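>>> Following is a predicted model, sequence given first.
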Amino acid sequence: MIALIQKVSRAKVSIEATPPIQSEIADGLLVLLGITHTDTQKDIDWLAPKIVNLRIFEDEQNKMNRSLKDINGEIMLVSQFTLHANTKKGNRPSFMQAAKPQYAQKLYENMKIALNKIIEKPIQTGEFGAMMQVSLQNEGPVTIIIDTEKYLR
């Protein structure tokens, strides 16, 4: 499971549907989540608290020393299978490492539930499998990539 985490002052997801769907957050984290076929609930159980407790928000001395929970921030969770792109051969990425949609969607929903339990507020999301427009204001900029493959296997 790969999480690309961005500290944001705002983030918004729009989905062209009838009616249009839109999610929005203010200060918090935009988490782009890539799920592979070997990911399990164990990855979620390890990764969800790691995301929420990352100390990447400034304290009174402008040091990154506060977590999302400390600032009472929000999370926007967006599924992004392209995080598992293999670009070794040729110029067209292969997405063979990305989990099949039915499997990935279940884990995506479980991650949403896990994050919600930790921060005790609704998690804003995109729509799994939809073409989305994501806009954000990255603060810092701070972008962190966590791949559970490196820590759990």
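Sure, I can see it. The shown structure was predicted, so the numbers you read here are calculated from the model rather than taken from an experiment. Numbering: from 1, shown residues only.
>>> Helices of the chain, start to end?
Remark: helices assigned in the chain by DSSP state H are 41-53, 68-71, 101-119, 149-152.
>>> now those helices as TSV including distance to Ile35 and mean neighbour count?
C-beta coordinates here come from the backbone N, C-alpha and C atoms, glycine included. Shown next, in TSV, are these (distance: least, C-beta to C-beta, whole Å; neighbours: other C-beta atoms under 10 Å):
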stretch	distance to Ile35	mean neighbour count
helix 41-53	8	18
helix 68-71	21	16
helix 101-119	4	17
helix 149-152	12	12
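>>> Figure out which of those helices is closest to Gly34.
Set against Gly34 and scored by C-beta to C-beta, the helices of the chain come closest in helix 101-119, at 8.8 Å.
>>> Output the closest one in CSV, but only the C-alpha positions, please.
The C-alpha trace of helix 101-119 is given here as CSV (Å, rounded to 0.1, in the frame of the first residue of the first chain):
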residue,chain,number,x,y,z
PRO,A,101,-11.0,-2.9,-8.4
GLN,A,102,-13.2,-5.1,-6.2
TYR,A,103,-10.3,-6.0,-3.9
ALA,A,104,-8.9,-2.4,-3.9
GLN,A,105,-12.3,-0.8,-3.2
LYS,A,106,-12.9,-3.0,-0.1
LEU,A,107,-9.5,-2.0,1.3
TYR,A,108,-10.0,1.7,0.4
GLU,A,109,-13.3,1.7,2.3
ASN,A,110,-11.6,0.0,5.3
MET,A,111,-8.9,2.7,5.3
LYS,A,112,-11.6,5.3,5.3
ILE,A,113,-13.2,3.6,8.4
ALA,A,114,-9.8,3.3,10.1
LEU,A,115,-8.9,6.9,9.6
ASN,A,116,-12.4,8.0,10.7
LYS,A,117,-12.1,6.1,14.0
ILE,A,118,-8.7,7.7,14.8
ILE,A,119,-9.6,11.3,14.1
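>>> Now do that helix and helix 41-53, the angle between them.
40 degrees (axes from the mean of the first three to the mean of the last three C-alpha atoms, to 10 degrees).
>>> any idea how far Ser9 lies from Ile71?
11 Å (C-beta to C-beta, to the nearest Å).
>>> actually Met64, not the one I typed
Taken as C-beta to C-beta, the span from Met64 to Ile71 is 12 Å.
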